[in-house]
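S.K.: the following comprises the amino acid sequence and a computationally predicted model.
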Amino acid sequence: EVQLVESGGGLVQPGGSLRLSCAASGFTLSDYYMDWVRQAPGKGLEWVARSRNKANGQTTEHAASVKGRFTISRDDSKNSLFLQMNSLRTEDTAVYYCLRGDSSGYSDYWGQGTLVTVSS
Amino acid sequence: DIQMTQSPSTLSASLGDTVTITCRASQSVSTWLAWYQLKPGRGPKLLMYKASRLESGVPSRFSGSGSGTEFTLTITSLVPEDFATYFCQQYSDYPLTFGPGTKVEI
């Protein structure tokens, strides 16, 4: 059974850093694209970042709103996906979801999310 | 960025009804469109991909159609577990973008 379990969320002050983790099980991480998507309170879903699979060089993409501040990475040997978030802003407050993606681009599994709150 | 819109934002229906949700893209996404179902306390569930392909395990009462800029998700014979929020996503181009969602309520 495919499972994605996010962790690492919490309360952080503006300008601070946080590292989210996603523990993947039930499949081989290196075979799949992986994404982070977030949903701010009362807002819609926003794609944050993508890590392509091993066959596609594990290259990454980041949304313009987080480029230069957030970095997606993975450790396939530990079946884990990460999101390093630096220079956090209040507008980064959201539930962050980890997603498994097909190479054509859609996501077939989502985690339950972890809440990040940026506030002083 | 490709903007996604959905209509209606809320849909009231009864058990056994057939409902249709529309998703529109600000520019063509070909058929690179997915539909998801969201229920409180759970991560979204993939229903359809490539506009009209049913994800494995999803009941056949769900169907999708469309290409280019206009797409529909149809649910026939609504059952209790279908009352949820539905949203579309284009994966034609970066940034990937989502529709705002349609809540199907009793």
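M.R.: Sure thing, it's come through.

S.K.: where exactly do the strands run in the chain?
M.R.: This is for chain A. A:3-7, A:10-12, A:18-25, A:33-39, A:45-51, A:60-62, A:70-75, A:80-85, A:94-101, A:107-110, A:114-118 (DSSP state E).

S.K.: look at chain B instead
M.R.: Counting by DSSP E, the strands of chain B are B:4-7, B:10-12, B:19-25, B:33-38, B:45-49, B:53-54, B:62-67, B:70-75, B:85-90, B:97-98, B:102-105.

S.K.: geometric centre of chain B: which residue is closest?
M.R.: Among the residues of chain B, the one closest to the centroid is B:Trp35, at 3.7 Å (Cα atoms, centre = their mean).

S.K.: please read the previous query as pertaining to chain A.
M.R.: Short answer for chain A (Cα atoms, centre = their mean): A:Trp36, at 2.8 Å.

S.K.: name the residues that touch the helix or strand bottoming out on mean pLDDT in chain A?
M.R.: Across the helices and strands of chain A, mean pLDDT, DSSP states H and E gives its lowest value to strand A:107-110, namely a mean of 92. Here strand A:107-110 makes contact (Cβ atoms under 8 Å, 6 or more residues apart in numbering or on different chains) with A:2, A:4, A:35, A:37, A:97-102, B:34, B:36, B:43-46, B:49, B:55, B:89. Glycine gets a C-beta too; all of them are placed from N, C-alpha and C.

S.K.: go with 7 Å
M.R.: A:2, A:4, A:35, A:97, A:99-102, B:43-44, B:46, B:55 (Cβ atoms under 7 Å, 6 or more residues apart in numbering or on different chains).

S.K.: filter the residues you listed to the buried ones?
M.R.: Burial by neighbour count, 16 or more other Cβ atoms under 10 Å in any protein chain shown: within the contacts of strand A:107-110 this picks out A:4, A:35, A:97, A:99-102, B:43-44, B:46, B:55.

S.K.: report the contact partners of residue 58.
M.R.: Going with chain A. With Cβ under 7 Å, 6+ apart, A:Gln58 has these contacts: A:51-52, A:74.

S.K.: wait, chain B
M.R.: B:Val58 touches B:Leu47, counting by Cβ under 7 Å, 6+ apart.

S.K.: please identify which of the strands of chain B is closest to A:Thr90.
M.R.: Of all those, strand B:97-98 sits nearest to A:Thr90, with 21.8 Å by Cβ to Cβ.

S.K.: now find how far off-centre that closest one is within its chain.
M.R.: 12 Å (Cα atoms, centre = their mean, to the nearest Å).

S.K.: one step back: next, format the strands of chain A as a markdown table and append distance to B:Val79.
M.R.: Shown next, in a markdown table, are the strands of chain A (distance: least, Cβ to Cβ, whole Å):
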| stretch | distance to B:Val79 |
| --- | --- |
| strand A:3-7 | 26 |
| strand A:10-12 | 38 |
| strand A:18-25 | 30 |
| strand A:33-39 | 26 |
| strand A:45-51 | 25 |
| strand A:60-62 | 38 |
| strand A:70-75 | 38 |
| strand A:80-85 | 34 |
| strand A:94-101 | 26 |
| strand A:107-110 | 22 |
| strand A:114-118 | 31 |
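
S.K.: now for the closest residue to B:Cys88 other than its chain neighbours: which residues touch it?
M.R.: With sequence-adjacent residues excluded and distances taken as Cβ to Cβ, 6 or more residues apart in numbering or on different chains, B:Cys88 is closest to B:Cys23, at 3.6 Å. For B:Cys23, the contacting residues are B:4, B:6, B:33, B:71, B:88, B:99, by Cβ under 7 Å, 6+ apart.
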